[in-house]
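Colleague: 3D model of this:
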Amino acid sequence: MPVDRVKFLEEGYLIVKAAIPPDALDRVREAYEKLVDCRRELCKAERKEGDPPGGEWEKNPQPRLMLQRPPLVDHIDSGTAPAVEVWLEPNIQRISTELLGIDDGAVTEMMMMCNPARDHGPAKWHRDLHPIDTAPLQGYIDDIVEGGPRYVQWNIPLYDDNVLWVVPGSHIRRNTVEENAHMLEDPCQPVPNAVQTHLEAGDGVVYILPLLHWGSNYSPTLRRTIHGGFSTFTSMPDLGFTDHISSEAAADFKRWQGRGEEMKAHTESALKAVSAGDGTTYLASLEKLHPGRGEKGRMLTTVFLCKAALAIRLAKRPPYPDVPEDLARRVRGEHPITLNWGPEFADRFTESQANTLWERFAPLDKLLRSEEELFVPGYQSGPMIYHFDEMPRDYGTADFIRSWGK
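Modeller: Here you go, the predicted model:
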């Protein structure tokens, strides 16, 4: 399918017909259903006292499969291989690559969203963004306008689906006054200018991360919607599943994982340059992490690295004063597209390096904070002391580097 990247960058989303070819749909359905059955059985086995018979699966308003993570990654075999191989379909992987404007888009997440056991009604309008542990919305907007998206996300239903609504163009602007008023009054109803996506089985909608969107109905009606995305690089340490997929698909995943390891090394280089006070190496490392990005992109990467520096500091000597519990919890996870490589990444740094690193990022962290608690509707974060929307004013990478000498 030919794609209109200009329109995609303007509207923030694109409907792709037959993202999964019709002749592949049945085998993909069968593979995912086997994994659904597996996940259900695991939830039953792991149920806690007081849980319903189905455990977490039965309680969750949107049960999910997480294919590349334990425990499901160990259950991918020849019978469920199509659940992985579908991500390599040209109308998914190739289109993602074109929309990203790169040479070789890598699968970053392989998931599926399923219907709940009982009616949970609509979700809330939101952007897939946690400014507390990533960056304010304006940082994403500036970077997208300057250099295009770093990540594109997909919903691909295996059965007809009209659950997702989107607000065209909202990926490159803040909420309007009218949108905020609607979401404050009731975040579970359509907002002005929203568009409902009507997807036939196998169609897909691909969108840019900060787009304002809404899951309008989480009911027991059968739902099997593939969900995940593509970026420049990924992190999938357990590639055991590649023994069960085609050799061509296995080669793709191994290549992407190799590139992810290179990006870990560039992240390490950037952070150690900050610790050593080496601005030249720092800027060179930013270029290796996100080639061709301009100053806005370098600044967004710098904010991501600020959170990585905090994660390293916390891993070496927790706790750290004045770190909100939600932030401390989130930075201990793994989120490769924002350069959070997980707890083990801290092992690459000494305690002395970690301390110096955070001392040099702390002034930027202060600029990202507010003097009072803030709340903006349409995010996945509740009230917090970090700015939802605003990046530091009149502040760039040169200012960050200069601050090391103060």
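Colleague: Spell out which residues make up each domain of this structure.
Modeller: As assigned by automatic domain parsing, the chain contains the domains 5-135+149-255, 257-403.
Colleague: out of those domains, which comes closest to Asp143?
Modeller: Proximity to Asp143, assessed across the domains of the chain by CB to CB, is greatest for domain 257-403 (4.5 Å). The way it works is simple: take the backbone N, C-alpha and C, and place the C-beta from them, glycine included.
Colleague: shouldn't Gly202 be in contact with Asp161?
Modeller: No: using CB atoms under 8 Å, Gly202 is not in contact with Asp161, being 10.5 Å away.
Colleague: out of the domains of the chain, nearest to Ile141?
Modeller: Among the domains of the chain, the nearest to Ile141 by CB to CB is domain 5-135+149-255 (5.2 Å).
Colleague: Could you work out the end-to-end span of that closest one for me?
Modeller: By CA to CA, to the nearest Å, the extent of domain 5-135+149-255 from end to end equals 26 Å.
Colleague: Who are the contact partners of Ala81?
Modeller: Residues near Ala81 by CB atoms under 8 Å, 6 or more residues apart in numbering: Ala31, Phe241, His244, Ile245, Ser246.
Colleague: how far out from the middle of the chain is the helix or strand harbouring Trp154?
Modeller: Assessed by DSSP states H and E, Trp154 sits inside strand 151-157. Chain-centre distance of strand 151-157: 11 Å, with CA atoms, centre = their mean, to the nearest Å.
Colleague: just checking, next helix/strand downstream of it?
Modeller: Heading C-terminal from strand 151-157 (DSSP H and E), you reach strand 164-166.
Colleague: Quick check: which helices or strands does that following strand pack against?
Modeller: strand 195-196, strand 204-208, strand 213-215 (3 or more CB pairs under 8 Å, 6 or more residues apart in numbering; DSSP states H and E).
Colleague: now with 6 Å?
Modeller: Helices and strands touching strand 164-166, as assessed by 3 or more CB pairs under 6 Å, 6 or more residues apart in numbering; DSSP states H and E, are absent.
Colleague: tell me the mean pLDDT over the helix or strand following that strand?
Modeller: Once the chain leaves strand 164-166, the next helix or strand it forms, by DSSP H and E, is helix 177-185. Mean pLDDT, helix 177-185: 97.
Colleague: what does helix 177-185 rub up against?
Modeller: Residues external to helix 177-185 that are found in contact with it (CB atoms under 6 Å, 6 or more residues apart in numbering): Trp125, Val191, Pro192, Pro377, Gly378.
Colleague: again, but for stretch 187-205
Modeller: With contact meaning CB under 6 Å, 6+ apart, stretch 187-205 is reached by 13, 15-20, 25, 122, 124-125, 154-162, 164-167, 178-179, 182.
Colleague: Just the buried ones among the residues you listed, please.
Modeller: For these, a burial check counting by 16 or more other CB atoms under 10 Å picks out 13, 16, 18-20, 25, 122, 125, 154-159, 161, 164-167, 179, 182.
Colleague: about what we covered before: CA atoms only: put the strand holding Trp154 into PDB for me.
Modeller: As requested, the backbone C-alpha atoms of strand 151-157 are provided in PDB (Å, rounded to 0.1, in the frame of the first residue of the first chain):
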ATOM      1  CA  TYR A 151       8.200   5.700  17.300                       C
ATOM      2  CA  VAL A 152       4.900   4.700  15.500                       C
ATOM      3  CA  GLN A 153       2.300   2.600  17.200                       C
ATOM      4  CA  TRP A 154      -0.300   0.200  15.800                       C
ATOM      5  CA  ASN A 155      -3.700  -1.200  16.500                       C
ATOM      6  CA  ILE A 156      -4.500  -4.100  14.100                       C
ATOM      7  CA  PRO A 157      -7.800  -6.000  14.900                       C
END
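Colleague: Pairing partners for it, with directions?
Modeller: Here strand 151-157 is paired, per DSSP bridges, with strand 204-208 (antiparallel), strand 224-231 (antiparallel).
Colleague: any idea how far the residue nearest to Lys272 when sequence neighbours are not counted is from Pro192?
Modeller: Leaving aside its chain neighbours, Lys272 sits nearest to Gln353 (6.7 Å; criterion: CB to CB, 6 or more residues apart in numbering). Going from Gln353 to Pro192 by CB to CB, to the nearest Å gives 50 Å.
Colleague: Report the buried residues of stretch 47-55.
Modeller: Applying 16+ other CB under 10 Å to stretch 47-55 flags Arg47, Gly54, Gly55 as buried.
Colleague: Please name whichever of the residues you listed scores lowest on pLDDT.
Modeller: Lowest in pLDDT among the buried residues of stretch 47-55 is Arg47, which has 92.
Colleague: so where do the strands sit in the stretch 1-150 of the chain?
Modeller: Assignment of strands within the stretch 1-150 of the chain using DSSP state E, counting those that start in this stretch yields the ranges 13-16, 64-66, 106-114.
Colleague: With respect to burial, which of those scores highest?
Modeller: Most buried of these by mean neighbour count (mean count of other CB atoms under 10 Å) is strand 106-114; its value is a mean of 22.
Colleague: List the strands paired with it, with their directions.
Modeller: Going by DSSP bridges, the partners of strand 106-114 are strand 64-66 (antiparallel), strand 224-231 (antiparallel).
Colleague: CA atoms only for that strand, dumped as PDB, please.
Modeller: In PDB, the C-alpha atoms belonging to strand 106-114 read as follows (Å, rounded to 0.1, in the frame of the first residue of the first chain):
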ATOM      1  CA  ALA A 106      12.600  -2.400  14.300                       C
ATOM      2  CA  VAL A 107       9.700  -4.000  16.200                       C
ATOM      3  CA  THR A 108       9.800  -2.700  19.800                       C
ATOM      4  CA  GLU A 109       6.700  -4.200  21.400                       C
ATOM      5  CA  MET A 110       4.500  -7.200  20.400                       C
ATOM      6  CA  MET A 111       1.200  -7.200  22.300                       C
ATOM      7  CA  MET A 112      -2.500  -8.000  21.900                       C
ATOM      8  CA  MET A 113      -5.400  -6.200  23.600                       C
ATOM      9  CA  CYS A 114      -8.400  -8.500  24.400                       C
END
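Colleague: who touches that strand?
Modeller: Applying CB under 6 Å, 6+ apart, the contact partners of strand 106-114 are 32, 62-68, 87, 223, 225-229, 231, 233-234, 256.
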